[in-house]
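Q: generate a structure from the sequence data that follows.
(2 chains)
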Amino acid sequence: MSSQPRRRRLEVEEIGDVTVVNFVDRKILDEQNIQIIGEQLFSLVDEVGRRKILLNFGNVEYLSSAALGKLITLNKKLQAVGGRLILCNIDPQIYEVFEITKLNKLFNIQKEEQAALQAF
Amino acid sequence: MSDDAQGKRDFAGSFPDGEVCHRLLSSDLQEVRRLQEEIDLRLKELKFSERDRRGIRLALEEALVNAIKHGNRLDQSKKVYVCYCVRPERFDIHIADEGAGFRPEAVPDPTAPENLERPSGRGLVLMRYYMTEVEYNAQGNVVRMSKVRDRSP
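A: Take a look at the predicted model:
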């Protein structure tokens, strides 16, 4: 279990002053992965000092409640430092998970990356 | 009824004889993955829809992670007992952990506006949405879930 290589779970790109994050994993389910994804996302705010983060869910097919928890914590961290989190490119079946949990009301969710970049 | 008989009823009450698969998992999240694959394969063989399979996979993830993480607290000496049955018209599963149990009604509703920012408590919401039935025993360490097959085209 712990012998798994700790590979990078996020692809991070800077577009202007926005940090655009793509997920490497198609399924953000596995607890271990979610822990690592959480740490890597939080370090963007806590260590690298990013303030505008755009999460692109284009690759993602599955999302569990543990992953939603990380997104909520990331959102709080950004709010605390006057930053912003926007989510985009969410597959309809994943959007359903946001609707069921009413998190579509908490997060700023945009359809396309371009629209999301302009929403900051 | 003896405690033992009650326990067996908790597990296998609604299952037909001969078609039930029993599995004993250690409190290891990798075992969750293997069981999900095994069940998904069976659902696929019986031509359950993509949507049903997807919902069942997510509900299994939430229920098994709850059992291992919150029930057994990742204690490797504790087991999770699973029995399931895939029939053409429905999927049934019972998941029992060796933890102290919990009261589902005591979990704050995470969809209430004042709780939206709480990072936990959403697993149950997803299980209830994607499965036809979700029921805990009185102690709260056994969950029984079923999914009646979606017949829509």
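Q: and the spatially closest residue to residue B:88 that is not a sequence neighbour, backbone torsions?
A: Using Cβ to Cβ, 6 or more residues apart in numbering or on different chains and skipping residues adjacent in sequence, the residue nearest residue B:88 is residue B:46, 5.4 Å away. The C-beta positions use only the backbone N, C-alpha and C, and glycine is treated the same way. Residue B:46 adopts backbone torsions of phi -90, psi 10, taken as degrees, to the nearest 10.
Q: so what pLDDT did residue B:46 get?
A: Residue B:46 carries a pLDDT value of 94.
Q: let me see the contact set for it.
A: Contacts for residue B:46 (Cβ atoms under 8 Å, 6 or more residues apart in numbering or on different chains) come out as B:86-88.
Q: who's the spatially most central residue of chain A bridged to?
A: With distances taken as Cα atoms, centre = their mean, the residue of chain A nearest its centroid is residue A:55 (4.3 Å). On the basis of DSSP bridges, residue A:55 takes part in beta bridges with residue A:21, residue A:87.
Q: measure the residue with the largest distance to the centre of chain B to residue A:102 for me?
A: Farthest-out residue of chain B from its mean C-alpha position, per Cα atoms, centre = their mean: residue B:114, at 27.9 Å. The spacing between residue B:114 and residue A:102, counted by Cβ to Cβ, to the nearest Å, is 12 Å.
Q: ok, the residue lying closest to residue A:64 once chain neighbours are set aside - contacts?
A: Setting aside the residues directly before and after it, residue A:64 is nearest to residue A:29 in space (Cβ to Cβ, 6+ apart), at 4.7 Å. Residues in contact with residue A:29 (Cβ under 8 Å, 6+ apart) are A:62-64, A:67, B:58, B:61.
Q: name the element the most centrally placed residue in chain B belongs to?
A: By Cα atoms, centre = their mean, chain B has its centre lying nearest to residue B:63, at 4.4 Å. Using DSSP states H and E, residue B:63 falls within helix B:50-65.
Q: phi, psi for residue A:14 please.
A: phi -100, psi 120.
Q: typed the wrong thing, it's residue B:68
A: Taking degrees, to the nearest 10 as the convention, residue B:68 sits at phi -80, psi -40.
Q: again with residue A:11
A: Per degrees, to the nearest 10, the backbone of residue A:11 is at phi -110, psi 120.
Q: other residues contacting the helix or strand of chain A with the lowest mean pLDDT?
A: Within chain A, no helix or strand scores below strand A:27-28, which has a mean of 78 by mean pLDDT, DSSP states H and E. Residues from elsewhere that reach strand A:27-28 (Cβ under 8 Å, 6+ apart): A:34, A:37, A:60-64, A:67.
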